[in-house]
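>>> what follows is a predicted structure for the sequence shown.
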Amino acid sequence: MPRRRIYNPLTELLTAALLVVLVLVVNRWEVSLAVLLLVVLPAILLSGRARRIGLAIAIVVGPLLISSLLLHGLFFPEGERILLDLGFARVTVEGLAFAAVMGLRTSVFAGVLLTAAMTLDIADLVATMTHCGWNRKLVFIVGSAVGLIPQVALRGEQITRAQQARGLVVGAGLPSRLRALLAVTTPLVIGLLVDASERNHMLEARGFSARVPRTSYRPDSDTPGQRLFRILLTLGVGAFCLTWIVLVVLT
Amino acid sequence: MSSFSMPAAESSARRPRRLLLVLGVTLIVATYVFLVILQPTELTGGTGSAAALVSLGGFLGGGALLVAGVLPMLTTSSLVVMPLGIALNIAIGQLAGSLGLQIYLDAIGTVLVAVLAGPAAGAATGAISNAIWGLFNPFALPFAAGAALIGLLAGLAAKYGLFRRLYLAAAAGLVTGAVGGLVAAPVAVFMFGAAGSPGTNAIIAVFRSLGDKLLVAATKQGLLSDSLDKIVVFVLVALILHALPRRAIRQFPFARTR
């Protein structure tokens, strides 16, 4: 069961983003591993959607880690300590270490952001953006696009089935697949443009272009305490990053 | 009186927008120059902490500034088509995967919006599309500036009538893909160590086995894969536009005049 929402979506997204920034700046495998085990893993387990988030992270990160290991593990010309020489490829200690550090960092990047995004209530995020006075056009685009994605995917599937019923056969070659894609995409785009045209008239009729403040029907989940927390967190991480870069990276 | 004061008010409103656009472009160019021309040497010895941060912050921040500068310029008809383009990018990207295509096709929506609503709408669609996609696939997030550039170039190609002929659309796709590949390569290298799909990594592995540096190998791969991808995307969009009823195109002032 999804957990009860305590924090505002902006607070959660900003915390996740700043955690990624910290991991990138410190850039030590020990820190990446610690964040993965002490922050990401508990957050996933407490999210109430542990299986879904774990599966999503595995699908997104898994292939990338395998690719990284094969690429740097076998092809790292800068590597000097050779473990295995295969002729066309060499397994080096440096290559494997590079793949491991990059893999850990990438896992933290995807783990933190996916956990934050998959526990996020998009409607709540859009409402928060409205309450905070974000650009109304941006709020419309984000809210509308997120709502449209499943509809477009569903309509695409329906058109594909309809075209297959009319005799569309997808062959093995690239031209055949592109023809199939065109047969699905064209009616999909025409339908969506007709919808967009109707939406255009409806928005204009309801004063979308007017420059007056917007009203959200959802209550604002932001609090002065969270606003202060976001400012302090940003300043704190900014100061830490600056100090770290000056003291550790540049010296 | 008001008719005389309107242009002055409009030009003063345009100034901060232009400033945002200039700042966004400057930040993206400066980030690219830092990553490619100055080439941080720490990558092969470590993993480039400052470079990764500059890559993420510079390209993402530049993309955000571009969007902030572009959004006030857009009409409602451009705005309603942008979510459609974003949804198409994600849905067709997934459909291409299910059809077993070896190219991404995740910029069809961006290019379509750019051709219908202009370069500004195309650039904003590209950047916002990657930001929203980042909610489902965080690896898309740092490529927002490259996606904005693809939308901008596609819009410019439409402005000069390059989508009227298939071979011209293919040529425009080739150039756009090459530019997109050049911009995407440092992001892929400094953020993710150039790890990607098995297909793209196989190309990088070939160049690495020939002794190329990681950034050089990733740039060559980007030039190859992105150019092919954008040729296909531009030709597909030109074919879709050809099949669209005139009524559907006429609702966009930019497309009406092209």
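Right, received. Where do you want to start? Numbering: from 1, shown residues only, chains lettered A, B, ... in the order given.

>>> which residue is the nearest non-sequential neighbour of the most centrally placed residue in chain B?
Note on chain B: the residue nearest the mean C-alpha position is residue B:147, at 1.8 Å, using CA atoms, centre = their mean. Of all residues beyond its chain neighbours, the one nearest residue B:147 is residue B:126 (3.4 Å), with distances taken as CB to CB, 6 or more residues apart in numbering or on different chains. C-beta: built from backbone N, CA, C; applies to glycine.

>>> so the one you found, which of the three states?
For residue B:126, the secondary structure call by DSSP: H, G, I helix; E, B strand; the rest coil comes out as helix.

>>> how close does the residue nearest to the centre of chain B sit to chain A?
The spacing between residue B:147 and chain A, counted by CB to the nearest CB, to the nearest Å, is 14 Å.

>>> quickly find the element holding that residue.
Per DSSP states H and E: residue B:147 is located in helix B:144-159.

>>> right, and the helix or strand after that helix?
In the C-terminal direction from helix B:144-159 (assignment by DSSP H and E), the next one is helix B:166-192.

>>> what packs against that next one?
Counting contacts by 3 or more CB pairs under 8 Å, 6 or more residues apart in numbering or on different chains; DSSP states H and E, helix B:166-192 packs against helix A:93-118, helix B:2-32, helix B:49-70, helix B:144-159, helix B:214-243.

>>> run the chain-centre distance for that helix.
Using CA atoms, centre = their mean, to the nearest Å, we find the averaged C-alpha position of helix B:166-192 to lie 9 Å away from the chain's own average C-alpha position.

>>> repeat for stretch A:185-196
Distance, stretch centre to chain centre, for stretch A:185-196: 27 Å (CA atoms, centre = their mean).

>>> follow-up on the earlier one: out of the helices and strands packed on helix B:166-192, which gets nearest to residue A:157?
With respect to residue A:157, and counting by CB to CB, the nearest of those is helix B:214-243 at 18.6 Å.

>>> where do the helices of the stretch 151-251 of chain A begin and end?
Assigned helices in the stretch 151-251 of chain A, in chain order: A:174-205, A:224-244 (criterion: DSSP state H, counting those that start in this stretch).

>>> tell me what the shortest one is packed against?
Applying 3+ CB pairs under 8 Å, 6+ apart, we find helix A:224-244 packed against helix A:9-26.

>>> so what does the helix it packs on touch, helix or strand wise?
Using 3+ CB pairs under 8 Å, 6+ apart as the contact criterion, the neighbours of helix A:9-26 among helices and strands are helix A:29-35, helix A:93-118, helix A:122-131, helix A:224-244, helix B:49-70.

>>> can I get those helices in a markdown table with distance to residue A:149?
Supplementary listing: these in a markdown table, determined by distance: least, CB to CB, whole Å:
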| stretch | distance to residue A:149 |
| --- | --- |
| helix A:29-35 | 30 |
| helix A:93-118 | 13 |
| helix A:122-131 | 10 |
| helix A:224-244 | 28 |
| helix B:49-70 | 19 |
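
>>> for residue B:18, which of the ones you listed is the nearest?
Ranking the helices and strands packed on helix A:9-26 by proximity to residue B:18 (CB to CB) places helix B:49-70 first, at 7.2 Å.

>>> and the helix or strand following that closest one, average pLDDT?
Toward the C-terminal end, the helix or strand that comes next after helix B:49-70 (DSSP H and E) is helix B:76-98. Across helix B:76-98, the average pLDDT comes to 82.

>>> show me which residues of helix B:76-98 are buried.
Judged by neighbour count using 16 or more other CB atoms under 10 Å in any protein chain shown, the buried positions of helix B:76-98 are B:76-96.

>>> now stretch B:238-245: buried residues?
By 16+ other CB under 10 Å, the buried positions in stretch B:238-245 come out as B:238, B:239, B:240, B:241, B:244.

>>> close to chain A: what parts of the stretch 101-250 of chain B are there?
B:101-102, B:105, B:108, B:112, B:124, B:128-129, B:132, B:134-139, B:141, B:191-198, B:201, B:204-205, B:208-209, B:211-212, B:232, B:236, B:239-240, B:243-245, B:248 (CB under 8 Å from any CB of the partner chain).

>>> just name the most buried of the helices of the stretch 151-251 of chain A.
helix A:174-205 (a mean of 17; mean count of other CB atoms under 10 Å in any protein chain shown).

>>> and that one with helix B:214-243, angle?
Between the axis of helix A:174-205 and that of helix B:214-243 there is an angle of 70 degrees, by axes from the mean of the first three to the mean of the last three CA atoms, to 10 degrees.

>>> average pLDDT for helix A:174-205?
81.

>>> swap in stretch B:37-48?
For stretch B:37-48, the per-residue pLDDT averages 56.

>>> check stretch A:24-39 too.
The predicted model gives stretch A:24-39 an average pLDDT of 88.

>>> which residues does that stretch contact?
The contact list for stretch A:24-39, computed with CB atoms under 8 Å, 6 or more residues apart in numbering or on different chains, reads A:19, A:22-23, A:100-101, A:104-105, A:107-109, A:111-112, A:240-241, A:244-245, B:46-50, B:52-53, B:56.

>>> which of those count as buried?
With burial judged by 16+ other CB under 10 Å, the buried subset of the contacts of stretch A:24-39 is A:19, A:22-23, A:100-101, A:104-105, A:107-109, A:111-112, A:241, A:244, B:46-50, B:52-53, B:56.

>>> returning to what we had before: pick out the shakiest of the helices and strands packed on helix B:166-192, pLDDT-wise.
helix B:2-32 (a mean of 72).

>>> closest one to residue A:174 among the helices and strands packed on helix B:166-192?
Across the helices and strands packed on helix B:166-192, closest to residue A:174 is helix B:214-243 (CB to CB), at 8.7 Å.

>>> quick one on the thing from earlier: what's the closest of the helices and strands packed on helix B:166-192 to residue A:135?
Each of those was scored for nearness to residue A:135 using CB to CB, and the closest is helix B:49-70 (7.3 Å).

>>> in terms of secondary structure, what does the closest one contact?
Based on contacts counted as 3+ CB pairs under 8 Å, 6+ apart, the elements that helix B:49-70 packs against are helix A:9-26, helix B:2-32, helix B:42-45, helix B:119-133, helix B:144-159, helix B:166-192.

>>> that helix vs helix B:119-133, what angle?
Using the same axes, to 10 degrees, helix B:49-70 lies at 130 degrees relative to helix B:119-133.

>>> chain center to helix B:49-70: distance?
The chain centroid and the centroid of helix B:49-70 are separated by 13 Å, computed with CA atoms, centre = their mean.

>>> can you give me the separation between the closest residue to residue B:36 other than its chain neighbours and chain A?
By the measure of CB to CB, 6+ apart, the closest residue to residue B:36 outside its immediate chain neighbours is residue B:186, 5.6 Å from it. When CB to the nearest CB is applied, the distance between residue B:186 and chain A equals 15 Å.
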